[in-house]
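**Q** got a predicted structure plus its sequence, pasted below:
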Amino acid sequence: MPRILDVIQAPDQRPDQLVLRVPADGWGDIRLGSQLIVGESQNAVFFRDGKALDTFGPGRHTLTTANIPLLIDLLGVAFSGESPFKASVYFVNMADILDLKWGTPQPVALRDKDLGMVRLRAFGSYSVKVADAQRFVAQVVGQRGYYRTEEIADWLRGQLVAAFTDLLGETKAGLFDLPALVDELGVALRAKVSESFEQSGITLKQVFVRSISATEETLQAIDERAAMGAIGDMNAYLRFKAARALGDAAASAGEGGGAGEGVGAGMGLGAGIGMGAGLGGLIAQAMQGAMQPQQPAAAPAQQTAAPKTRAEIEALLDSLDMRLANGEISEATYDRLVAKWQKRLEELE
C-alpha cells in the first residue's frame, strides 16, 4: 500500500551499496512540502513511469513545484499541488565503491601457438564510482530494472568477463606468458570497457587482473605432452597415452589382479582416448607392441604371483624405478605401489 512520505531519506545506505530505493518496493505517496534529506556522498533521483526525473545533491530540500519541474510536467495539468503524488526515490551512492570482485564463471578457451587449445580461469577486482546519478538510474534502473547492489554488480561483472575474453583473443599471448602480463591486461581491460560503463553513468576507476591459471585438465595435458617431448605431435601423444594405460594396467596386476584383467583395463583406457578417425589403430599398434603376443592361440595368462620374499619385493621396487623413468607407469601408480611394497618389507622385519 502506498504510504505518505513526509520525510524522505536513506541514512542507512552502506558504503558498498550503489543504490537504495525509497520505499523499498511499490510507490510512495509524496506531497509538496515533504522534506528530502540527501547525505554527503549521495544523490537522490525521483523516478516514475520508468523515467529518471529530478535529481538532488547533498543537503535538506523542501519539495516545491520549482525544484521538481520534470516530475510536475509528467504529472500534468491534473495535478493540483495539494494531493499526494506517487513516485519512488533512488538514493545513489556517489562515493568510490572499492574491491568489487570479478572472475570467469566458466573456463575460457585460448588458442596457444605451442599447446593448441587450452582452458584457463581468471580472477580480479575493480572499483567504480557513479559519475552521473540521473543517467545511472535511467540506464540501469529504468531500462534494466536493476536496483539491488548484487544485480548491478553481476551486470558489471558480466561486462568485464566478456571484455576480458575478447582481450585474450586479441593479445595473441601464450598461456605461459599471461601471468607476467596481468598489469598490462588490467590497463587494457579498463580501456576496453570504460566507454560502456560511462554510457550508464558509471566511471570505472580501477580494474585488476589478480590471477590467470590453467584448468586442472589443461595442466595434466601439458604435463603429459612435456613428459614425452612431443608437444604438437598428436600421433606420438596418442601412442604415449596408450603405452601409459598399458603400463598402469600391468602394474596393477602386481597387486593381485590377473594378467587378463590388466589387459582389459589397458584397452578400456586406450579406448577412452577416442577410436574415431583412425585413432583406434594408433592405440592398437601401441598395445600390440607393448604386449608382444607369442602365439595367436595361446592359452589365457595365469594370474601373476605376488612377490613374497624380501629379495622378490626389492627386485620389484627396482623395476618400478626403471618403469617410471621409462614412462611406462604414472607417478601416481608408482607412489601407490612403492608405498604398498615398502610396507610389506617392514612387515617382514
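**A** Nice, thanks for sending it over.
**Q** what's the biggest strand in the chain, counting residues?
**A** Longest strand of the chain, by residue count under DSSP state E: strand 116-130.
**Q** average pLDDT for it?
**A** Average pLDDT, strand 116-130: 92.
**Q** next, the buried residues of it.
**A** Neighbour-count burial for strand 116-130 flags 118-122, 124-126, 128-130 (criterion: 16 or more other C-beta atoms under 10 Å). Every residue, glycine included, has its C-beta placed from N, CA and C.
**Q** same question, stretch 174-193
**A** Residues 175, 178, 185-186, 188-190, 192-193 are the ones in stretch 174-193 that count as buried (16+ other C-beta under 10 Å).
**Q** ok, stretch 128-137 next?
**A** Quick answer for stretch 128-137 (16+ other C-beta under 10 Å): 128-130, 132-137.
**Q** where does the stretch 51-200 of the chain dip in pLDDT?
**A** The model of the stretch 51-200 of the chain has pLDDT under 70 over residues 77-82.
**Q** how far away is residue 191 from residue 52?
**A** Using C-beta to C-beta, to the nearest Å, we find residue 191 at a distance of 28 Å from residue 52.
**Q** ok, residue 33 next?
**A** With distances taken as C-beta to C-beta, residue 33 is found 23 Å from residue 52.
**Q** neighbour count winner among those two?
**A** Comparing residue 33 with residue 52 by other C-beta atoms under 10 Å, the one with more neighbours is residue 52, at 23 against 11.
**Q** in the sheet, who's paired with that one?
**A** residue 47 (DSSP bridges).
**Q** gap between it and residue 331?
**A** Residue 52 sits 62 Å away from residue 331, going by C-beta to C-beta.
**Q** I figured residue 88 hits residue 51, correct?
**A** No - using C-beta atoms under 8 Å, residue 88 is not in contact with residue 51, being 11.3 Å away.
**Q** give the pairing partners of the longest strand of the chain; include direction for each.
**A** Applying DSSP bridges, strand 116-130 is found paired with strand 97-103 (antiparallel), strand 108-112 (antiparallel), strand 202-214 (antiparallel).
**Q** possible to save these as CSV with mean neighbour count?
**A** What follows is those, written out as CSV (neighbours: other C-beta atoms under 10 Å):
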stretch, mean neighbour count
strand 97-103, 16
strand 108-112, 17
strand 202-214, 19
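**Q** can I get those strands in CSV including distance to residue 63?
**A** Putting those into CSV (distance: least, C-beta to C-beta, whole Å) gives the following:
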stretch, distance to residue 63
strand 97-103, 28
strand 108-112, 50
strand 202-214, 28
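**Q** which stretch among these comes nearest residue 24?
**A** Nearest of those to residue 24, taken as C-beta to C-beta: strand 97-103 at 20.2 Å.
**Q** with just CA atoms, put the closest one into CSV.
**A** Output of strand 97-103 as CSV, limited to C-alpha atoms (Å, rounded to 0.1, in the frame of the first residue of the first chain):
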residue,chain,number,x,y,z
ILE,A,97,32.8,1.5,-4.5
LEU,A,98,36.0,-0.4,-3.8
ASP,A,99,37.2,-4.0,-4.1
LEU,A,100,34.3,-5.5,-6.1
LYS,A,101,35.2,-8.9,-7.4
TRP,A,102,35.1,-10.3,-10.9
GLY,A,103,36.0,-13.7,-12.3
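**Q** show residues contacting that strand.
**A** Outside strand 97-103, the residues within contact range by C-beta atoms under 8 Å, 6 or more residues apart in numbering are 15-16, 18, 121-129, 153, 156-157, 160-161, 207.
**Q** switch to 6 Å and redo it
**A** 123-128, 153, 157, 160 (C-beta atoms under 6 Å, 6 or more residues apart in numbering).
**Q** pipe those into JSON lines and attach distance to residue 107 per row.
**A** Listed next are the contacts of strand 97-103 as JSON lines, based on distance: C-beta to C-beta, whole Å:
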{"residue": "123", "distance to residue 107": "12"}
{"residue": "124", "distance to residue 107": "16"}
{"residue": "125", "distance to residue 107": "20"}
{"residue": "126", "distance to residue 107": "21"}
{"residue": "127", "distance to residue 107": "26"}
{"residue": "128", "distance to residue 107": "26"}
{"residue": "153", "distance to residue 107": "22"}
{"residue": "157", "distance to residue 107": "16"}
{"residue": "160", "distance to residue 107": "16"}
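**Q** before we move on, which element is the residue nearest to residue 42 when sequence neighbours are not counted in?
**A** Among residues not flanking residue 42 along the chain, residue 91 sits closest, at 5.1 Å (C-beta to C-beta, 6 or more residues apart in numbering). According to DSSP states H and E, residue 91 maps onto strand 85-93.
**Q** how about that strand: buried residues?
**A** 85, 87-93.
**Q** next, format these as CSV and append distance to residue 62.
**A** Listed next are these as CSV, based on distance: C-beta to C-beta, whole Å:
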residue, distance to residue 62
85, 15
87, 16
88, 19
89, 14
90, 19
91, 18
92, 21
93, 24
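**Q** quick check, nearest of those residues to residue 201?
**A** Taking C-beta to C-beta as the measure, residue 201 sits nearest to residue 92 out of the buried residues of strand 85-93, at 8.7 Å.
**Q** once you drop chain neighbours, what's closest to the closest one?
**A** Among residues not flanking residue 92 along the chain, residue 133 sits closest, at 4.2 Å (C-beta to C-beta, 6+ apart).
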